[in-house]
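Student: make a model of this:
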Amino acid sequence: SLFEQISERYPERIDELEDSEGNMNLLSPIEPAFRVTQMGIGIDSDEDRIVLIAQESEEDDARSVRFTATYGQMRALANHAEKVVMAGRPTCPLCGEPLDDDAHFCPRKNGHNTLPDD
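Tutor: Residues are numbered from 1 along each chain as shown. Okay, here's the model as predicted:
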């Protein structure tokens, strides 16, 4: 992992790899600016930070965002992301597919948008 590489390359910074404290909850309302299709991560050794780049697509006019964070902040983000992914999304009680905020097409509802007991 990136954190293992950092600890091997910079053993004197092992303490910096400890998770930073902080609130990882998102603030409502959540309105995404774009859907991320590509991500890149690297080390900015001049600034002693980790860089995370999220991009909309590979097109020239695609939107992107660049985050820089301390090693501890990025480790806390990575741990939080792992917990979120492991928790998964709620599933439809009829078909078992993940439920989205938008309309969910359920083959067992025969094209209807409500559950039988709604």
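
Student: looking at the top helix by length along the chain now, give me its mean pLDDT.
Tutor: Using DSSP state H to define each element, the chain has its longest helix at helix 71-87. Per-residue pLDDT over helix 71-87 has a mean of 86.

Student: buried residues in that helix?
Tutor: By neighbour count with 16 or more other CB atoms under 10 Å, helix 71-87 contains the buried residues 71-78. For every residue, glycine as well, the C-beta is placed using N, CA and C.

Student: only alpha carbons, please: show it as CSV.
Tutor: The C-alpha coordinates for helix 71-87 follow below in CSV (Å, rounded to 0.1, in the frame of the first residue of the first chain):
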residue,chain,number,x,y,z
TYR,A,71,-0.1,11.4,5.8
GLY,A,72,-2.3,11.1,8.9
GLN,A,73,-5.2,12.9,7.3
MET,A,74,-5.1,10.7,4.2
ARG,A,75,-4.8,7.5,6.3
ALA,A,76,-7.9,8.5,8.2
LEU,A,77,-9.7,9.1,4.9
ALA,A,78,-8.6,5.8,3.6
ASN,A,79,-9.8,4.0,6.7
HIS,A,80,-13.1,5.8,6.6
ALA,A,81,-13.6,5.0,2.9
GLU,A,82,-12.9,1.3,3.6
LYS,A,83,-15.6,1.3,6.3
VAL,A,84,-18.1,3.0,4.0
VAL,A,85,-17.4,0.5,1.2
MET,A,86,-17.6,-2.5,3.6
ALA,A,87,-21.0,-1.3,4.8
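
Student: which other helices and strands contact that helix?
Tutor: Applying 3 or more CB pairs under 8 Å, 6 or more residues apart in numbering; DSSP states H and E, we find helix 71-87 packed against helix 2-9, strand 49-55.

Student: hey, which of these is tucked in deepest?
Tutor: Greatest average neighbour count among those goes to strand 49-55 (a mean of 17), per mean count of other CB atoms under 10 Å.
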